[in-house]
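**Student:** fold the following and give me the result.
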Amino acid sequence: MLKLRIVSPEKVIFDGDVKSVTVPGMQGRFQILDNHAAIISALVEGKVEYATSREAKQFNVEGGFVEVKQNEVNLCVEV
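**Tutor:** Numbers count the residues shown, from 1 in each chain. This next block holds a predicted model:
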């Protein structure tokens, strides 16, 4: 499992465990799974999707950043 935290300037959007996260990177969409290599990337306008053990969610972002390290994923986004 991954620990995902999504924040915007206004609020915390999500903070919990997920199976996967898909984000709109500068070079295209990419998926983050368990044991993903460490990365920091800018995000472009598009869809963020994440799946918990119970459900899948998605929402649109205008941009932001993603940081992945040691099964922790931090998204700072503008929605």
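**Student:** given the helix or strand hosting residue 58, what are its sheet partners and their directions?
**Tutor:** Remark: residue 58 resides in strand 56-61, with elements defined by DSSP states H and E. In the sheet containing strand 56-61, its partner strands are strand 46-51 (antiparallel), by DSSP bridges.
**Student:** which one is residue 29 nearest to, not counting chain neighbours?
**Tutor:** Using Cβ to Cβ, 6 or more residues apart in numbering and skipping residues adjacent in sequence, the residue nearest residue 29 is residue 22, 6.0 Å away. The way it works is simple: take the backbone N, C-alpha and C, and place the C-beta from them, glycine included.
**Student:** from residue 47, how far out is residue 34?
**Tutor:** Distance from residue 34 to residue 47, counting by Cβ to Cβ, to the nearest Å: 21 Å.
**Student:** kindly report the same for residue 22.
**Tutor:** Separation of residue 22 from residue 47 (Cβ to Cβ): 8 Å.
**Student:** okay, those two: which has more neighbours?
**Tutor:** Taking neighbours as other Cβ atoms under 10 Å, residue 22 and residue 47 compare with residue 22 leading, 18 against 12.
**Student:** would you check that that one makes contact with residue 43?
**Tutor:** No - here residue 22 does not reach residue 43: they are 11.2 Å apart, not a contact under Cβ atoms under 8 Å.
**Student:** any idea how far apart the tips of stretch 62-75 sit?
**Tutor:** With Cα to Cα, to the nearest Å applied, stretch 62-75 spans 12 Å between its terminal residues.
**Student:** equivalent analysis for stretch 59-71, please.
**Tutor:** Criterion Cα to Cα; first-to-last residue distance in stretch 59-71 is 22 Å.
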